[in-house]
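**Student:** Next come a sequence and a model predicted from it.
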Amino acid sequence: MQPFDFSGATAVVLGGATGLGRAMAEGLAAHGATVCVVSRSIDKAKATADVIAEENGGRCWPWIADAASEASINRLGDVLSERCGGRLNIAINSAGINTRNPIEKITLEEFESIQRTNITGAFLFSKAMLPLFEAAGWGRLINITSIFASRSFPGRTSYASSKGALLQLTRTLAIEWAGKNITVNAISPGPFVTEMTRPLLDNKEAYDKFCEHVPMRRFAEPHEVIPACLFLASPASSYVTGADILVDGGWTAT
Ligand SMILES: NC(=O)c1ccc[n+]([C@@H]2O[C@H](COP(=O)([O-])OP(=O)(O)OC[C@H]3O[C@@H](n4cnc5c(N)ncnc54)[C@H](OP(=O)(O)O)[C@@H]3O)[C@@H](O)[C@H]2O)c1
C-alpha cells in the first residue's frame with residue numbers, strides 16, 4: 001500500500017486560495033487528488049487553482065463560497081456533489097480570521113463576526129460535507145485550529161475562544177461519525193509565515209518576542225503543514241480520529 005497516493009480521491013479546501021490552505025491543496029493535488037480550491041473571491045480561487053492544475057495534470061478547480069453564509073456553504077455542497085459524482089473523500093477547513101484586541105475594545109459585532117467564520121462556518125461546512133462523505137463510503141474532515149485552542153495571550157479573546165470551540169467540534173464529530181468510516185481531526189499550527197501573521201512578520205521586535213515562546217525560535221513556512229495534512233487525509237491514519245496534530249515548533253511542550 002502506498003499511503004500517500006490519493007489517485008481517484010476528491011478533496012475540497014475551504015480557505016484554499018492562500019496560506020496554509022493553498023499549501024495543503026498543492027500537497028493533495030501533487031499526490032493525485034482532484035482538489036476544489038474555495039475562496040470568497042472567485043478571482044483568487046481561480047488564480048490558485050489554475051497554478052495547481054497546471055502543475056498537476058488539471059486536477060484542481062476553483063469555487064466561491066463564504067463560510068459565514070449557510071446558503072453559500074450549502075451551494076458549495078451541491079456543486080461538489082455535481083462535480084464529484086455525488087461523493088467527496090477529503091474536506092479541509094482552513095478558513096479563519098483573527099483580530100487582536102483587549103476585551104474592552106471588542107464590540108459584540110466584532111466578536112460575533114470572528115465566531116461566525118471560525119466556528120459557525122465550521123459547523124455549516126461539516127454538515128454540508130457529511131452526505132458527500134457518506135455517499136463516498138469514507139471521509140476525512142480536517143479542521144485547521146490553532147495553538148490558540150490550547151494556549152493564549154492577552155488580546156486574543158475572540159480568536160482563542162473560536163479555535164477552542166473548533167477543537168471541541170472536531171472531537172465531538174469524531175465520536176459522532178466514528179461508525180461511518182469518517183475521521184475528523186485537527187491540525188493546530190503554531191506561527192506560520194502567511195498573511196494572517198503579517199503584523200508580526202513586518203515588525204522584527206514583535207516577531208522576535210513571539211519566537212521566545214517557540215523552542216525552534218522561528219515561524220514555519222506554509223509547506224511545513226503538508227505532511228500532517230497528507231497523513232490525516234490518507235489510509236495511514238485509518239485509526240486516528242478526534243486527534244489534534246500540533247505543528248508548532250515545540251510550543252505546547254513548554
Ligand atoms: N498563520 C498562522 O500562524 C496560523 C496559526 C494557527 C492557525 N492558523 C489558521 O490557519 C488557517 C489558515 O490561515 P493562514 O495562516 O493560511 O492565513 P490566510 O492566508 O489569511 O488564510 C485564511 C483563509 O481563510 C479564508 N477565509 C476567511 N474568512 C472566510 C470566510 N468567511 N469564508 C471562506 N473563507 C474564509 C481566506 O480565504 P479568502 O480570503 O480567499 O476568502 C483565507 O484563504 C486559519 O484558520 C488560521 O486561523 C494560522
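**Tutor:** Noted; the coordinates are in hand. Residues are numbered from 1 along each chain as shown.

**Student:** Now do the SS call for the closest residue to the ligand within the stretch 51-200 of the chain.
**Tutor:** Across the stretch 51-200 of the chain, the shortest distance to the ligand (Cβ to the nearest ligand atom) belongs to Gly96, at 2.2 Å. Where you see a C-beta, it was placed from the backbone N, CA and C, and this is true even at glycine. When the structure is split into helix, strand and coil by DSSP: H, G, I helix; E, B strand; the rest coil, Gly96 lands in coil.

**Student:** Let me see the contact set for the residue lying closest to it once chain neighbours are set aside.
**Tutor:** Distances taken as Cβ to Cβ, 6 or more residues apart in numbering place Asn118 nearest to Gly96, at 5.3 Å, with adjacent residues excluded. Contact partners of Asn118, counting by Cβ atoms under 8 Å, 6 or more residues apart in numbering, are 95-97, 159, 162-163, 165-166.

**Student:** What score does Asn118 have for pLDDT?
**Tutor:** Confidence at Asn118, expressed as pLDDT, is 98.

**Student:** Am I right that it sits in a helix?
**Tutor:** Yes. When classified by three-state DSSP, Asn118 is found to be part of a helix.

**Student:** Over to Gly58: give its phi and psi.
**Tutor:** Main-chain torsions, Gly58, degrees, to the nearest 10: phi 80, psi 10.

**Student:** meant to ask about Val38
**Tutor:** Backbone torsions of Val38, given as degrees, to the nearest 10, read phi -120, psi 130.

**Student:** From Leu76, how far out is it?
**Tutor:** Counting by Cβ to Cβ, to the nearest Å, the gap between Val38 and Leu76 amounts to 6 Å.

**Student:** Now do the shared contacts for the two.
**Tutor:** Joint contacts of Val38 and Leu76 (Cβ under 8 Å, 6+ apart) are 12, 14, 63, 65.

**Student:** Looking at the residues you listed, which is nearest Arg83?
**Tutor:** For Arg83, the closest of those turns out to be Trp63, at 8.5 Å, with distances computed as Cβ to Cβ.

**Student:** ok, now which ones touch that closest one?
**Tutor:** 12, 36-38, 42, 45, 76, 79-80.

**Student:** Please report phi then psi for it.
**Tutor:** Note on Trp63: its backbone torsions stand at phi -150, psi 160 [degrees, to the nearest 10].

**Student:** looking at the sheet around the residue nearest to it when sequence neighbours are not counted, what are its partners?
**Tutor:** Nearest residue to Trp63 in three dimensions, chain neighbours excluded: Val38, at 5.0 Å (Cβ to Cβ, 6+ apart). For Val38, the beta-bridge partners are Leu14, Trp63 (DSSP bridges).

**Student:** how much space between Val38 and Ala65?
**Tutor:** As for Val38, its distance to Ala65 is 5 Å (criterion: Cβ to Cβ).

**Student:** Compare the two and say which one has the larger neighbour count.
**Tutor:** Val38 (34 against 29; other Cβ atoms under 10 Å).

**Student:** Cheers, nothing more for now.
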